[in-house]
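Chemist: Quick one, what's the 3D model for this:
(chains A, B and C)
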Amino acid sequence: MHQVALLSWAMAAGLAAALTTNPFYLAPLGAAALAVGSSLARDRGPLRSFALAAALAVALRTALALLGPVSRGSLAAAALEGARLAVVLLVVGAFNAASDPGALLRLAPGRWHELALAVSLALSIAPRTAEAAARVREAQRLRGLPTSGWRALPALAVPVLETGMEEAVTLAESMDARGHGSGPRTRYRPEPWGPRDALVALACAAGGAGFLAAELLGAGGIDAAGAGHVSLALLGALGLLTSPLWPWPRR
Amino acid sequence: MAEALSFAGVGFSYPGAEDPALRGATFSLPEGAFALVAGPTGAGKSTLLRCCNGLVPHFTGGRFEGRVRIGGRDTLEHRPRTLATTVGFVPQDPGASFVLDRVEDELAYAMENLGVPRGAMRRRVEEVLDLMRIEPLRDRSVRQLSGGERQRVAIAAALTAGPRVLVLDEPTSQLDPQGAEDVLAALARLVHELGTTVLMAEHRLERVVGTVDLAVGCKAGEPPRLGPPAEILAWLGAGPPVARLGRILGWRPVPLTVREARRAAGSLGRLPGPPPRPAAGLPAPGEPLLRAQGLHADHGRGSVLRGVDLELRRGEVVALMGRNGAGKTTLLRCLVGLHRPAAGRVAAASGRAPEPGRDAALCPQVPEHLLYRSRVVEEVAVTLRARGRDGAEAQALLEELGIGPLAPRHPREVSAGQRLLVAVAAVVATGAPVLLLDEPTRGLDPEVKGRLSELLRRFAARGGAVIVATHDVELAAALATRVVLLAGGEVIADGPPAEVLADSPVFSPEMTRVFGPGWLTPEQVARALGA
Amino acid sequence: MRRGALLAANLLGAAAFLWPFLVPAPGAEPHAREAPFLTAAILGCLLLVVLGELGRAGLGPKTVALLGVLGAAMVALRLPGFVAGFSAMFLPVLVAGNAFGPAFGFTLGAVGTFASGLFVGGLGPWLPFQMVAVGWVGAGAGLLPRGRGRILLLAAYGALAGYAFGAVMNLWFWPFATGGGPTAWSPGAGAWGNLLRYVRFYALTSFAWDTFRAVGNAALVLALGRPALAALDRAARRMHLEVAPRAAGP
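Modeler: Just a heads-up that it's a prediction; the model follows:
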């Protein structure tokens, strides 16, 4: 799925979750997030971590409420607050599991392209920096210099920084010599935007808008006070937020 | 024949520098030439290369005079990014020059910048992958490539923009013989099949001098000269061992390759007597200072050392050789006490495991990893103080090692070769009796090589032991009292260089290839002939 | 650069952080739950506008390379081997902002925070807050006068920035943190009243942690500032980078 479609789902679903404390909306939304996350995942790791964080959020928020005046109502309210945060975390986790940061960065248009490039450079150079730091530490240890404590810092950090600067010069020369900044760029790896992506983006935009409208109008049972009161329209909006899961004929 | 590149009265000074880096450069390269830029470090080779694509002066600033025309365009009127389609530039450290992760994407980067349509990009990427013989690598991450592969990918990445001229800064200096051969073969293919003009700076002359047809010599303070390799190398007083021999013996023309040397030597008949041992000046080896027994070591993915036995004795200078990946670095790290072996043991003279920095000291592969002070003399003083000695002895130590004049300079602002010497000094200052060097190859011009060899021999002569991991055969031939060959994690040869280097086809020095086993250096041969 | 637009964007961003003090209306309470998303969206737009403005003329290979290498330092500091990674991440921003100017400092703050966020946890709605806040730290470092006592000034600024960063980041969830009482947000209390409540909240919660961070920043700058600035200045010279307070370099 195109990254922009995925991002639109994440933003819409996250917004919807942030706006409601009605458990009849939150529960299916959370389930949808988990489903989207597992079915589209390139790497399940973030999904699991954020699911864990979600569980913790509910637990902590409820525990926090125990510190104040306790009643069934206040506990339930606290639990729902926690659940709201939890579903947002599930959406974030699903997005991270399904997204491809490289593709996301490559999509950066025009004037943001160089910044996206800087981000991807930072990520790919970081392992070398860490390794250089380890090598410097060993080398200085072999010289008899201290390798821990404040006094050791210049001996450890300066060589890494200086070497990094020298490599920055090589990198900049290489980029310059290969035409960086020559004008409009073309893309070697196309990220095709197909009808399915358009459908998902539109559906999610509509779903998110539905929840926003409900919040602004104070209608549809969007808050906990309306628990037990569920509007068909909002359920429909919620259904739209499951659009990444809808089956699409494979060509 | 058309001109690919021409320099007319080119002079250049870096911003803030007193002396010009380049002066009065005037020459032109014909299309399809395969040219070498030779000369000691600091003579302006890098500057000259960067003039070709406009990095000098557009990227560096500074004062520029004269004119450089490349592919018909004036570099003053065109920025480097516009010249990308005319000239490709390959820096010395390709690992630091990669922008993207996948090889294929890296190749396409230049074309994306230039707005080449996708269809043309796909075609060009395929062409260049085939040309450089790197098609199997297309999906790999650039971080996982070997040195030779990285260099070829960097060349490919510059080629996709379609330049007719290719400029390379020391493409083989950090490669083992196999990697170097792959890169040079690829360059030769470019010249012969595509008619690309190639200009490259190189120190390891014995590798390249037989393939190039022109040379540009750079000498500090003088204008660069273009001419046939033999002539330029003679002017520089540099050259591979066969050329040095030819100059000593007065051969005309001076041979540049082993083949030419064999022809010239044919008239000599057999050399008198068994080869004398190279002038040692070193005492016979004394007691062992480090001993490794049954060493097994793992690193990363698998076992790297499989049962290595090695002894380092007082007064020895050992060359540790082997292909990249054979385990040289791991072995050094075990010997110095940094890496704990999976099995077997290493013992210092005391009998216990070696204490890093006390029983043995290691000069790392990247000497810059040690340097953090603002003056060379302080680098040495810091080590002395850390070892409980007097920092004021630093100057004397530098003098003893032959680099006294460098004392007040900033370690990062001296040449690469000098930085290596500074790092060695900083490590020698630990007072450890065993000195280990891990592949000192960067910026190693003949002068620095000579200084380093002298430094190491003196260290051994005063009762220390040295072990140098290297794939520079000529260095090993000239310097070592013993050669250890490592392959697949095992020691496959261990003995005097005359024996070990004679057997191996990959690691035999030029003198051996011309005159037979036992002959290692030109000076040795010359002495035998009474010259 | 269109200074007016930048200024406006930054003011809007400030408002996005400081909204609990600026929203006195009693009717705001029910809508407070949108606030985090709304402010995240505002800050996200701020980032797009400001960074887009900085990148409009093209940053150039030198700036991109420096951002990459220094950003990599920030990412590497989040690796498990380094203690208090998020805090140490400020050092490259402080030093580079001071060496290369406020535009670079802001950009590095934003880029490095984004990259290290990607590396550590993933993308989430907290990122715009972090990016803008760290960016401001970098920009501020670039605005400091350079003369005598440059390192001391930077260290003091680093300490101040440590507290300011913590205080400002806490604002994000403060209105929802507790159910009531003297440390909680109260929409009817007015700007001053809320400020007092926030000071109490801050003192109870992250003041201690932020002291640790502030002291850490200052100590790092004192220990490494001089050689780090020397290295960066040398790189700027070698690269012939124009280091003007408002330019991002060629």
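Chemist: going forward, measure contacts between C-alpha atoms and count neighbours the same way
Modeler: Will do.
Chemist: got a list of what residue 150 touches?
Modeler: Because you didn't say which chain, this covers chain A. Contact analysis of A:Trp150 by Cα atoms under 8 Å, 6 or more residues apart in numbering or on different chains lists C:Ala223.
Chemist: that's the other chain; I wanted chain B
Modeler: B:94-95, B:142.
Chemist: before we move on, what about B:Val382?
Modeler: B:Gly391.
Chemist: Give me the pLDDT for it.
Modeler: On pLDDT, B:Val382 comes in at 93.
Chemist: cool, A:Ala31 as well?
Modeler: On the pLDDT scale, A:Ala31 gets 93.
Chemist: Quickly find the element holding it.
Modeler: Per DSSP states H and E, A:Ala31 falls inside helix A:23-40.
Chemist: swap in A:Leu60?
Modeler: A:Leu60 belongs to helix A:45-65, assigned by DSSP H and E.
Chemist: Helix A:23-40 and that helix, what's the angle between them?
Modeler: Angle of helix A:45-65 versus helix A:23-40, following axes from the mean of the first three to the mean of the last three Cα atoms, to 10 degrees, is 160 degrees.
Chemist: tally of neighbours for residue 33?
Modeler: In the absence of a named chain, chain A is used. 30 (other Cα atoms under 10 Å in any protein chain shown).
Chemist: look at chain B instead
Modeler: Around B:Ala33 there are 21 residues (other Cα under 10 Å).
Chemist: quick one: it from B:Ala188, how far?
Modeler: 10 Å (Cα to Cα, to the nearest Å).
Chemist: which secondary structure elements does the helix holding A:Ala31 contact?
Modeler: Judged by 3 or more Cα pairs under 8 Å, 6 or more residues apart in numbering or on different chains; DSSP states H and E, the packing partners of helix A:23-40 are helix A:3-19, helix A:45-65, helix A:72-98, helix A:232-240.
Chemist: Now distance to chain C, mean pLDDT and mean neighbour count too, for these, in CSV please.
Modeler: What follows is those, written out as CSV (distance: least, Cα to the nearest Cα, whole Å; pLDDT from 0 to 100; neighbours: other Cα atoms under 10 Å in any protein chain shown):
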stretch, distance to chain C, mean pLDDT, mean neighbour count
helix A:3-19, 6, 90, 24
helix A:45-65, 7, 87, 19
helix A:72-98, 6, 87, 24
helix A:232-240, 18, 86, 18
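Chemist: closest one to chain B among these?
Modeler: Chain B lies closest to helix A:3-19 among these, at 19.0 Å (Cα to the nearest Cα).
Chemist: Where in chain C is the helix or strand with the lowest mean pLDDT?
Modeler: helix C:174-177 (a mean of 66; mean pLDDT, DSSP states H and E).
Chemist: While we're on whatever residue of chain A ends up closest to chain B, how confident is the model there?
Modeler: Minimum separation of chain A from chain B (Cα to the nearest Cα) falls at A:Gly179, amounting to 3.8 Å. Listed pLDDT for A:Gly179 reads 94.
Chemist: Taking their axis directions, the helix holding A:Leu60 and helix A:72-98 sit at what angle?
Modeler: Using the same axes, to 10 degrees: helix A:45-65 against helix A:72-98 is 170 degrees.
Chemist: how distant is helix A:45-65 from the center of its chain?
Modeler: 16 Å (Cα atoms, centre = their mean, to the nearest Å).
Chemist: what does that helix rub up against?
Modeler: Contacts of helix A:45-65 (Cα under 8 Å, 6+ apart): A:34, A:37-38, A:74-75, A:78-83, A:85-87, A:89-90, A:92-94, A:96-97, C:121-122, C:178-179.
Chemist: one step back: out of the helices and strands packed on helix A:23-40, nearest to B:Ala8?
Modeler: helix A:3-19 (52.9 Å; Cα to Cα).
Chemist: and that closest one, what other elements does it pack with?
Modeler: helix A:23-40, helix A:72-98, helix A:101-106, helix A:195-217.
Chemist: Report the angle between it and helix A:23-40.
Modeler: Using the same axes, to 10 degrees: helix A:3-19 against helix A:23-40 is 160 degrees.
Chemist: need the residues of chain C near chain B, please.
Modeler: Within reach of chain B by Cα under 8 Å from any Cα of the partner chain, chain C has these residues: C:238-240.
Chemist: neighbours of B:Leu442, just the number please.
Modeler: No Leu there; residue B:442 is Arg. With other Cα under 10 Å as criterion, B:Arg442 counts 18.
Chemist: pretty sure it contacts B:Ala416?
Modeler: Yes. Using Cα atoms under 8 Å, B:Arg442 is in contact with B:Ala416, at 6.6 Å.
Chemist: Residues in contact with stretch B:94-103: which ones?
Modeler: By Cα under 8 Å, 6+ apart, stretch B:94-103 touches A:120-121, A:124, A:167-168, A:170-172, A:174-175, B:91, B:106, B:109, B:137-143, B:150-151, B:153-154.
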